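*Asks:* for reference, the sequence and a predicted model appear below.
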Amino acid sequence: MSDVTRVQLIQMRGARMRMLRFGLQSGAERRNVQILCPSRRGVPDTNLQIFLSLVSESAARLAELSPELTYRMEESGPKRSALFALGLVGLTVGLILTGLAFLTLYDDLWRLLLSLPGLAALKFGSALLIHRFWPFRQPEAFPIGTLPFILWTMGGPKPRGLALPQPAPMS
């Protein structure tokens with residue numbers, strides 16, 4: 001683990017599912033471990049607990065071996081470029097369809113108004129993808145020693161060396 005040069009923790013949520021991926025890179029070699037689980041809050045998931053424990057222990061060990069190492073919580077490389085391109089395509093299609101709707105439905109105001117919310121949602125979602133995965137912005141890097149604390153807030157194990165405040169004895 002001492003030769004790891006890049007660490008990523010990616011989290012994506014869908015309507016009912018949550019995907020977490022922990023990636024390590026050493027030179028040209030990449031290793032990923034990921035989990036797909038229900039995104040219900042307040043319901044403990046044993047597989048998620050095991051995954052968070054594994055990632056937390058790995059991050060703690062990496063912090064001991066390479067304290068200067070950082071991790072990112074965003075996609076990078078080709079995946080980031082693909083999501084950005086998807087946003088550009090969606091926005092372009094949304095603008096073209098909006099123009100066509102105005103050109104073809106100018107005499108039918110009711111149908112024009114019914115088409116606008118869907119077109120606005122397409123353009124808004126595409127603009128979010130463009131903003132989120134802008135290829136000229138580097139993802140923010142965080143010290144690897146903070147990753148166990150982030151995982152703790154996600155429901156993972158308490159980081160080593162963290163003393164929680166004890167309640168004062170009642171007199």
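*Replies:* Alright, I've got the coordinates.

*Asks:* Ala101 contacts Ser115, doesn't it?
*Replies:* Yes - with contact defined as C-beta atoms under 8 Å, Ala101 counts as touching Ser115 (4.9 Å). C-beta: built from backbone N, CA, C; applies to glycine.

*Asks:* how does the chain divide into domains?
*Replies:* Domains of the chain are assigned by automatic domain parsing as 6-74+139-153, 78-132.

*Asks:* closest one to Pro159 among those domains?
*Replies:* Among these, the nearest to Pro159 by C-beta to C-beta is domain 6-74+139-153 (3.9 Å).

*Asks:* start and end of that closest one, how far apart?
*Replies:* End-to-end distance for domain 6-74+139-153, by C-alpha to C-alpha, to the nearest Å: 22 Å.

*Asks:* now it: mean pLDDT?
*Replies:* For domain 6-74+139-153, mean pLDDT is 87.

*Asks:* make JSON lines out of the domains of the chain and add distance to Pro159.
*Replies:* Listed next are the domains of the chain as JSON lines, based on distance: least, C-beta to C-beta, whole Å:
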{"stretch": "domain 6-74+139-153", "distance to Pro159": "4"}
{"stretch": "domain 78-132", "distance to Pro159": "29"}
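
*Asks:* now those domains in CSV, with mean neighbour count?
*Replies:* Shown next, in CSV, are the domains of the chain (neighbours: other C-beta atoms under 10 Å):
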stretch, mean neighbour count
domain 6-74+139-153, 15
domain 78-132, 14
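
*Asks:* which stretches in the protein count as helices?
*Replies:* Using DSSP state H, the helices of the chain run over residues 46-65, 78-104, 109-132, 147-153.
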